[in-house]
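Trainee: give me coordinates for this.
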Amino acid sequence: MKIGIVILNWNGIELLKTYLPSVVQHSKEHVVYLADNASTDASIEWTAANYPEVKIIAMEQNLGYAGGYNTALKSVTEEVVCLLNSDVAVTSGWCDIMVARFEKDPKLAACQPKILDDKKKEFFEYAGAAGGFIDRYAYPYCRGRLFDSIEKDRGQYNDVVDLDWASGACLFLRKQAYLKVGRLDEDYFAHQEEVDLCWRLRHAGFVISYEPQSVVYHLGGGTLNNLNPRKSFYNFRNCLYNIVKNDHSSLWLGVLVMRMLLDGIAALKFLSNLKLAHFSAVLHAHFYFYMHLGSLLKKRKEIKAFAKVGQLKNNDLSIVYQHFIKGIMNYQKLGKIT
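Mentor: The predicted model follows:
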């Protein structure tokens, strides 16, 4: 089995110069694609000149993460693909173990490697760490990272486990399953779209997993860093999208209301810290959510139509309470997840 490694790029020539060499070096048995989101720099020309073995898929406009990958994957023929950020360095054998995993388990739809920080290589990286989960209020969190608290990699997460979601920074994906549940939702544009996709895959009866023997190093912040209000907008808005679309429990309206109240508290904290752009981003996110509630309810109905699992249960804890009130800083101290 060959894996189609698809690197999404937008004006990232400097990142390509730094990170593409490792991808090409350690992926000789597979196929590498550059999916270019209408870059205005010399990304395409540089890649074609220096790595002619990389197949280039050029978009006519910047379609974001979801739209860019949806368009690019139409041109990718491999059964299993890897959606790889342009700021990720890979290691020897990173794909080989994934081939074995996907060949062994036909129910495996998505899998992520161990994601470490390229700036502090002994630490996990913010975007995915050692695999993601969802709490009762649809907050995503990771083994190895709770909010801004990042753990050092001491081998504590060297076990294979099933996940609620796998990181979009390096997402191995069975293309047939991806197509079955309706591809990435382009209304998200950026951030949280992998959480939504994995949630839908789980509804359809597929498995999401973590593979610690595959290791990559992620720079992070290559698209929007944590200080960018636009990132706050997408994260707050898209989490609300996730609840309406994917929380099929009888208490979903209560979950939505509580989440919006917690968002309000976060907005007030931004305001008290004079982070006015972030405060505005939360308000804008909620306004945008209300404007599109009708289409979200339609998508909810469509997902329920193909869902094989009657009611997926998120982890019955509040990560906000555990982290900010009880002071828990790492995943292992959360105790047994049920």
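Trainee: for the rest of this, base every contact and every neighbour count on C-alpha atoms.
Mentor: OK.
Trainee: who are the neighbours in contact with the nearest residue to residue 90 once chain neighbours are set aside?
Mentor: The shortest distance from residue 90 to any non-neighbouring residue, by CA to CA, 6 or more residues apart in numbering, is to residue 216 (4.5 Å). Neighbour list for residue 216: 88, 89, 90, 91, 94, 113, 114, 115, 116 [criterion: CA atoms under 8 Å, 6 or more residues apart in numbering].
Trainee: can you check residue 128 too?
Mentor: Residue 128 neighbours (CA under 8 Å, 6+ apart): 115, 142, 145, 166, 167, 168, 169.
Trainee: would a markdown table of those residues with secondary structure be doable?
Mentor: Below are those laid out as a markdown table (DSSP: H, G, I helix; E, B strand; the rest coil):
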| residue | secondary structure |
| --- | --- |
| 115 | strand |
| 142 | strand |
| 145 | strand |
| 166 | coil |
| 167 | coil |
| 168 | coil |
| 169 | coil |
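Trainee: would JSON lines of those residues with distance to residue 131 be doable?
Mentor: Listed next are the contacts of residue 128 as JSON lines, based on distance: CA to CA, whole Å:
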{"residue": "115", "distance to residue 131": "9"}
{"residue": "142", "distance to residue 131": "5"}
{"residue": "145", "distance to residue 131": "9"}
{"residue": "166", "distance to residue 131": "6"}
{"residue": "167", "distance to residue 131": "7"}
{"residue": "168", "distance to residue 131": "11"}
{"residue": "169", "distance to residue 131": "11"}
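Trainee: could I get the pLDDT score of the residue nearest to residue 90?
Mentor: Per-residue pLDDT puts residue 216 at 98.
Trainee: distance of residue 294 from residue 301?
Mentor: 11 Å (CA to CA, to the nearest Å).
Trainee: scan the chain for its longest strand.
Mentor: strand 207-218 (DSSP state E).
Trainee: and that one, which strands flank it?
Mentor: strand 88-90 (antiparallel), strand 108-117 (parallel), strand 161-162 (antiparallel) (DSSP bridges).
Trainee: those: which one's closest to residue 260?
Mentor: strand 161-162 (28.6 Å; CA to CA).
Trainee: show the average pLDDT along that closest one.
Mentor: 97.
Trainee: that strand: what's the following helix or strand?
Mentor: Where DSSP states H and E defines the elements, the next helix or strand beyond strand 161-162 is strand 170-174.
Trainee: how about that following strand as CSV, C-alpha atoms only?
Mentor: Extracted in CSV, the C-alpha atoms of strand 170-174 (Å, rounded to 0.1, in the frame of the first residue of the first chain):
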residue,chain,number,x,y,z
CYS,A,170,-0.8,15.1,10.4
LEU,A,171,-4.0,13.1,9.7
PHE,A,172,-3.8,9.7,8.1
LEU,A,173,-7.2,9.1,6.6
ARG,A,174,-8.9,6.2,4.7
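Trainee: residue 294 and residue 301 - which one has more neighbours?
Mentor: residue 301 (16 against 11; other CA atoms under 10 Å).
Trainee: in what helix or strand does the more buried one lie?
Mentor: helix 293-306.
Trainee: how about that helix: buried residues?
Mentor: Buried residues in helix 293-306, counting neighbours by 16 or more other CA atoms under 10 Å, are found at 296, 299, 300, 301, 303, 304.
Trainee: hang on, isn't the second one packed against residue 245?
Mentor: Translated: residue 299. Yes. The criterion here is CA atoms under 8 Å, and residue 299 meets it with residue 245 at 6.1 Å.
Trainee: what residue of the protein is the furthest out?
Mentor: Centroid-distance maximum for the chain: residue 49 at 30.7 Å, with CA atoms, centre = their mean.
Trainee: tell me which element it is part of?
Mentor: helix 43-50.
Trainee: just the C-alphas of that helix, formatted as CSV.
Mentor: Extracted in CSV, the C-alpha atoms of helix 43-50 (Å, rounded to 0.1, in the frame of the first residue of the first chain):
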residue,chain,number,x,y,z
SER,A,43,6.1,27.9,-3.7
ILE,A,44,5.1,26.0,-6.8
GLU,A,45,8.2,27.0,-8.9
TRP,A,46,10.6,26.2,-6.1
THR,A,47,9.1,22.8,-5.4
ALA,A,48,9.0,21.9,-9.1
ALA,A,49,12.6,22.9,-9.5
ASN,A,50,14.0,21.2,-6.4
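Trainee: helices along the stretch 51-200 of the chain, start to end?
Mentor: 64-73, 96-104, 175-180, 193-203 (DSSP state H, counting those that start in this stretch).
Trainee: all set now, cheers.
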